[in-house]
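Visitor: Sequence first, predicted coordinates after that:
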Amino acid sequence: MNSMNQIETNMQYTYNYEEDEYMTQEEEWDRDLLLDPAWEKQQRKTFTAWCNSHLRKAGTQIENIEEDFRNGLKLMLLLEVISGERLPKPDRGKMRFHKIANVNKALDYIASKGVKLVSIGAEEIVDGNVKMTLGMIWTIILRFAIQDISVEETSAKEGLLLWCQRKTAPYRNVNIQNFHLSWKDGLGLCALIHRHRPDLIDYSKLNKDDPIGNINLAMEIAEKHLDIPKMLDAEDVVNTARPDERTIMTYVSCYYHAFAGAQKAETAANRICKVLAVNQENERLMEEYERLASELLEWIRRTIPWLENRTPEKTMQAMQKKLEDFRDYRRKHKPPKVQEKCQLEINFNTLQTKLRISNRPAFMPSEGKMVSDIAGAWQRLEQAEKGYEEWLLNEIRRLERLEHLAEKFRQKASTHEQWAYGKEQILLQKDYESASLTEVRAMLRKHEAFESDLAAHQDRVEQIAAIAQELNELDYHDAASVNDRCQKICDQWDSLGTLTQKRREALERTEKLLETIDQLHLEFAKRAAPFNNWMEGAMEDLQDMFIVHSIEEIQSLISAHDQFKATLPEADGERQAILSIQNEVEKVIQSYSMRISASNPYSTVTVDEIRSKWEKVKQLVPQRDQSLQEELARQHANERLRRQFAAQANVIGPWIQTKMEEIARSSIEMTGPLEDQMNQLKQYEHNIINYKHNIDKLEGDHQLIQEALVFDNKHTNYTMEHIRVGWELLLTTIARTINEVETQILTRDAKGITQEQMNDFRASFNHFDRRKNGLMDHDDFRACLISMGYDLGEAEFARIMSLVDPNGQGTVTFQSFIDFMTRETADTDTAEQVIASFRILASDKPYILADELRRELPPEQAQYCIKRMPPYTGPGSVPGALDYTAFSSALYGESDL
């Protein structure tokens, strides 16, 4: 209490007690509350202990508070001990009027201190009225123990409550909101002791469920080490539904007087340590930023030329190798760089925030390593990457199409060349000149059949030319040989057309001389040629290569093949009819013993050829069945891959979108302490990271799909690229949101902003953020400032906008709003404050010695000062004197970093 009296003596107060609203309320104490036996018991014990804590300095004490103050002598003695002033000489008589006179002297002294006594008379005190006696003691406690408490422009009860809240804020399970229920578990008292004397109590071992043990432990330690007598009964506090507020306030005020003002030198040293630690951390962050920026820019410089290379390969294998390299880049090489870029931006923002809130100049990176430079380089990387995968896939499709077309060209060209082989020599023959009439007519019919065959092959030649043209348009690597072969076929076709026309003209001239023709041979030729052409077409179709990308397409081919098989009985009937014609020819020759050849002069198609080709068709049908069924199985497998991928993508895509919306909503709607918000965002981040295995599994399925050359998926609208972009955006968003909260915590702690202020800032920002996108436009920001009481002219508003929107984006972010409100409402460290702190450590000397720094500061901080502090050369200098004024000013001047 000596320290308390000294503090009260050295400090000057300017309160007007007669006009103070709070004192008026407390002095008009509620008598009805004292009727509560539990509260009256608590007040008796606490007030008695409080009085004895002062009376023992005069070598006395009281036992019964209403009896021992009746004669006024100990009451006057109590006031003298508390105030340090002498009261008028007391009356020593034992008569009632002597006692009343002494009590009146004490009450007059209390009134002289500006305390308004309501309904408290000397007669009631002399008569031992317990209610009046307790009310009078409470008035004394208010005036001499509580009223002078002042914390941040609040006094008395509010000041004491704010002091308790500040000191216990970091402790779990402690939430001081009043002077009754908030203290029932005893943790508040233990937290006050641990905050100032952590050596006296191990807070981590306390149990919230043992309130009596916690209160008794706090009172025992306070009595033994802090000279604070036991004023409470733990059972009364715990078992009372609402403990007496005055009892708690009286006891807690003793803690305030025991601890307040005891750490002046420690505060000064802490301020210096804080400033130096900030400076050291800022230097480390600058060096780290430079290193990370250099590495990231070098990687981007090396990667962009690779992504910009669009030189196509000539083979499928080479292009698939390029696709595999690109998948490795997206899956293995790029994601770490995305994290590095995000971390680099976070580090830069954190560094600038720390520099700004500590009044340091902004950090200017080396030339070419600004955040904007990195963003520009990254944008160029994204631009180069954009479309690269699509180009690769298009090239693979093109090469696949080319291979298919080239094989089809070779098959059709071979078939045509086999058919056309020797046709020119036949057309050039002049055998009709020495032939009989029958032979000539046969030659003419044979030529007609050839013309039909020639016309039937017109489509094939046109198909060959069309395929060759498409191969040229698709830039087939061996287009020269294709063009050469196609040109030969076309030239030969033109020659066949010319020769055919000339032979017809010659035969028609000879036809007039010929009258007999074998009708059976003619009929055979007419029916055998189309049938032979049909068989060749059927064999060609049955051997034709096919490429499909869906079950529907292969089922369509199967259906067409089934329709073809349905025509086989009819074709077999035609075959038997054609063979029966030849049988009839042989029968006629045998019947009439004709000496002519049984060969058909009108057709090159023989019976054996028809039989062999028909057998070939029958062999090709089941082979075609097998190949179609194999392809159907492959398409079913591809469909399973599509459905497997879609099932995951349709879950992961909405999950990412939901998380993005939750993060966006939480950044706007989250309330409560920033640490709770940080924990919630960290939980979001933990859940997102734990979800990574789903992305990896989807990547595996996507690789299987690409390896199977599946390029479409009707079961989902999500592509792997969508999922990748969404996942990277989700990681970036949660990291940036966490960084915003970390920045707010740094700002709050550095500027001394309370959680309530931070919540008010958030509420104001959200109210005027009409689009709910985390941004306010200029009109919204002006309305917000006006609602907060700013008188804005155009010039003043323009000045404020240059602070919150320096780049002229037209919007104000929440961080810019917080920075502005922080500058408007919070105090910051200044060079003058640091100089004043050093002056305290130097005992008011204009210089400081190295030994003094080592004694007052931690070793690392002391060595930092000694190394950078210039010698002092002013008046009264001594050897080894260091100039802390120049050092402190340099901390807030231009940065050399």
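Guide: Sure thing, it's come through.

Visitor: Can you list the buried residues in stretch 405-420?
Guide: By 16 or more other CB atoms under 10 Å, the buried positions in stretch 405-420 come out as 405, 406, 408, 409, 412, 413, 415, 416, 419, 420. No exception for glycine: its C-beta is placed from N, CA and C like everyone else's.

Visitor: close enough to count as contact, the last one and residue 492?
Guide: Yes - between residue 420 and residue 492 there is a contact under CB atoms under 8 Å: 5.8 Å.

Visitor: OK, contacts around residue 811?
Guide: With contact set as CB atoms under 8 Å, 6 or more residues apart in numbering, residue 811 has these partners: 775, 776, 777, 805.

Visitor: Any idea how far the helix or strand where the second one lies is from the middle of the chain?
Guide: For residue 776, the element it lies in under DSSP states H and E is strand 775-777. The gap between the average C-alpha position of strand 775-777 and the chain average comes to 21 Å, counting by CA atoms, centre = their mean, to the nearest Å.

Visitor: And it, what does it pack against?
Guide: strand 811-813 (3 or more CB pairs under 8 Å, 6 or more residues apart in numbering; DSSP states H and E).

Visitor: what does stretch 556-572 contact?
Guide: Residues contacting stretch 556-572 (CB under 8 Å, 6+ apart): 531, 534, 538, 541, 546, 548, 614, 621, 624-625, 628-629, 631-632.

Visitor: same thing but at 7 Å, please
Guide: 546, 548, 621, 624, 628, 632 (CB atoms under 7 Å, 6 or more residues apart in numbering).

Visitor: Stretch 781-794 too?
Guide: So stretch 781-794 is contacted by 764, 768, 776, 797, 812 (CB under 7 Å, 6+ apart).

Visitor: out of the residues you listed, which one sits closest to residue 649?
Guide: residue 776 (36.7 Å; CB to CB).

Visitor: residue contacts, the closest residue to the closest one other than its chain neighbours?
Guide: Nearest non-adjacent residue to residue 776, counting by CB to CB, 6 or more residues apart in numbering: residue 812, 4.6 Å away. Contact partners of residue 812, counting by CB under 7 Å, 6+ apart, are 775, 776, 781, 804, 805.

Visitor: Kindly report the same for residue 226.
Guide: residue 258.

Visitor: Next: residue 456.
Guide: Residue 456 touches residue 533, counting by CB under 7 Å, 6+ apart.

Visitor: Model confidence for it, exactly?
Guide: Residue 456 carries a pLDDT value of 84.

Visitor: swap in residue 75?
Guide: Reported pLDDT for residue 75: 85.

Visitor: go on, residue 164?
Guide: 90.

Visitor: That one should be in a helix, yeah?
Guide: Yes - counting by DSSP: H, G, I helix; E, B strand; the rest coil, residue 164 is located in a helix.

Visitor: The closest residue to it other than its chain neighbours: neighbouring residues, count only.
Guide: Nearest non-adjacent residue to residue 164, counting by CB to CB, 6+ apart: residue 176, 4.7 Å away. Neighbour count for residue 176, taken as other CB atoms under 10 Å: 22.

Visitor: who's in contact with the residue nearest the centre of the chain?
Guide: Central residue of the chain (CA atoms, centre = their mean): residue 734, 2.5 Å from the mean position. By CB under 7 Å, 6+ apart, the contact list for residue 734 reads 663, 681, 684, 685, 688.

Visitor: Doesn't it belong to a strand?
Guide: No - applying three-state DSSP, one finds residue 734 to be helix, outside a strand.

Visitor: Quick check: the gap between it and residue 681.
Guide: 7 Å (CB to CB, to the nearest Å).

Visitor: How about residue 43?
Guide: Taking CB to CB, one finds residue 43 at 48 Å from residue 681.

Visitor: Pick out whichever of these two has more residues nearby.
Guide: Taking neighbours as other CB under 10 Å, residue 43 and residue 681 compare with residue 43 leading, 25 against 22.

Visitor: That one contacts residue 245, correct?
Guide: No - with contact defined as CB atoms under 7 Å, residue 43 does not reach residue 245; the gap is 10.0 Å.

Visitor: Buried residues, the strand holding residue 776. List them.
Guide: For strand 775-777, the neighbour count (16+ other CB under 10 Å) marks 775, 776, 777 as buried.

Visitor: ok, now stretch 535-552?
Guide: 535, 536, 538, 539, 542, 548.

Visitor: any idea which element the closest residue to residue 754 other than its chain neighbours lies in?
Guide: Spatial nearest neighbour of residue 754, excluding adjacent residues (CB to CB, 6+ apart): residue 748 at 7.8 Å. Following DSSP H and E, one finds residue 748 within helix 720-751.

Visitor: Check which helices and strands the strand or helix carrying residue 52 sits against.
Guide: Here residue 52 sits within helix 37-55, counting by DSSP H and E. The elements that helix 37-55 packs onto, with contact taken as 3 or more CB pairs under 7 Å, 6 or more residues apart in numbering; DSSP states H and E, are helix 65-68, helix 73-83, helix 130-141, helix 234-239, helix 245-259.

Visitor: which residues make contact with it from outside it?
Guide: In contact with helix 37-55 (CB under 7 Å, 6+ apart) are residues 1, 33-34, 61-62, 65, 74, 77-78, 81-82, 134, 137, 141, 229-233, 236, 240, 243-244, 246-247, 250-251.

Visitor: Would you mind writing the PyMOL command to select the buried ones in those?
Guide: Entered in PyMOL, the line below selects the buried ones among these, by 16+ other CB under 10 Å:
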select buried, resi 1+34+62+65+74+77+78+81+82+134+137+141+229+230+231+232+233+236+240+243+244+246+247+250+251
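
Visitor: Break this protein down into its structural domains.
Guide: Per the record, the chain has its domains at 37-262, 276-407, 646-815, 831-892, by the TED database.

Visitor: Could you say which helix or strand holds the residue lying closest to residue 540 once chain neighbours are set aside?
Guide: Spatial nearest neighbour of residue 540, excluding adjacent residues (CB to CB, 6+ apart): residue 415 at 6.1 Å. Assessed by DSSP H and E, residue 415 sits inside helix 388-420.

Visitor: so where do the helices sit in the stretch 351-500 of the chain?
Guide: Applying DSSP state H, counting those that start in this stretch to the stretch 351-500 of the chain gives helices spanning 371-385, 388-420, 423-428, 437-456, 458-473, 479-511.

Visitor: Out of those helices, which is closest to residue 111?
Guide: Of all those, helix 371-385 comes closest under CB to CB, at 67.9 Å.

Visitor: hmm, who's touching the closest one?
Guide: 293, 296, 297, 300, 303, 304, 307, 308, 341, 344, 345, 348.

Visitor: Pick the most deeply packed of the helices of the stretch 351-500 of the chain.
Guide: helix 437-456 (a mean of 20; mean count of other CB atoms under 10 Å).

Visitor: Contacts for the helix or strand where residue 679 lies next, please.
Guide: With elements taken from DSSP H and E, the one containing residue 679 is helix 674-690. With contacts defined as CB under 7 Å, 6+ apart, helix 674-690 is touched by 659, 663, 666, 670, 730-731, 734, 737-738, 741, 744-745, 748, 758.

Visitor: With stretch 847-861 instead?
Guide: Contacts of stretch 847-861 (CB under 7 Å, 6+ apart): 269, 272-273, 276, 838, 841-842, 862, 865-866, 872, 877, 880-884.

Visitor: and what of stretch 466-485?
Guide: 314, 398, 401, 402, 405, 406, 408, 409, 413, 486.
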